[in-house]
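**Student:** Just to be clear, the model below is a prediction. Sequence and coordinates:
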Amino acid sequence: MTLSWTGGGVPGDVSYKLARQSAGNPRFPAPTTTTVNPDGGVLGTTFTDAGDLANATPRYYLVRNKQSNEAVGIGSREANMRPFAIVCLVIASAGLLRAADPPAVSVTGEVVDSACYIKSGARGESHRTCAQKCGDAGIPLAVVEDGTGNLVWIASVDDMETPNAKLRPFAGRRVTVTGTWAERGGAKLLLLRSVKAAPAS
């Protein structure tokens, strides 16, 4: 997870400190509060927390203008120090934040029915009708990628939905599919966003 911010500093001092509280307590300071610098040092305007957000306990982040005479302990300051300028307060938990969307990718190749292709290499216009019938029967349609010959498995973005209906009109023909990769346990799927006909090779 990466936080970013702009502005909020005291004029003449654009450096920052970030306080992190991970015990589910929104009060600052607290016994479990830690103070850290932004990415790249006190002049940075981003902070990357590599910690796991899978648990339900919220985390609280307080970004403040860092004064040059700030004491080491959070919440403490010299007698002549101006109050910190609060730049932003972020509450992070598994239910509130998710990882940034992966980048979109495009794959060009031929739509095949995975069973016939894997078993016998069947593909092309001559196998078009069979591929459509296999897709109608629930056999996953896939794409044989140009150049690599890799079989790209396609899945719908939405749950409880098959992409076969979108791929069926292109069975045995070349397409360009666009989506994002999902990978787990050594298996990889392209989550389908769009499909369009590609020129015949």
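**Tutor:** Right, received. Where do you want to start? Numbering: from 1, shown residues only.

**Student:** Return, as residue ranges, the portions of this protein with sub-threshold pLDDT.
**Tutor:** In the predicted model, the chain carries pLDDT under 70 at residues 7-14, 22-29, 50-57, 66-101.

**Student:** 50 instead, please
**Tutor:** Within the chain, the stretches with pLDDT under 50 are 68-84, 94-99.

**Student:** which stretches of it form helices?
**Tutor:** 114-120, 128-136, 164-167 (DSSP state H).

**Student:** of all these, which lies closest to Lys196?
**Tutor:** helix 164-167 (10.4 Å; C-beta to C-beta). Glycine gets a C-beta too; all of them are placed from N, C-alpha and C.

**Student:** Relative to Arg20, which of the helices of the chain is closest?
**Tutor:** helix 164-167 (44.2 Å).

**Student:** Just the buried residues of that closest one, please?
**Tutor:** Neighbour-count burial for helix 164-167 flags Asn164, Lys166, Leu167 (criterion: 16 or more other C-beta atoms under 10 Å).

**Student:** Distance to Thr2 added to these, as JSON lines?
**Tutor:** Shown next, in JSON lines, are the buried residues of helix 164-167 (distance: C-beta to C-beta, whole Å):
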{"residue": "Asn164", "distance to Thr2": "37"}
{"residue": "Lys166", "distance to Thr2": "34"}
{"residue": "Leu167", "distance to Thr2": "36"}
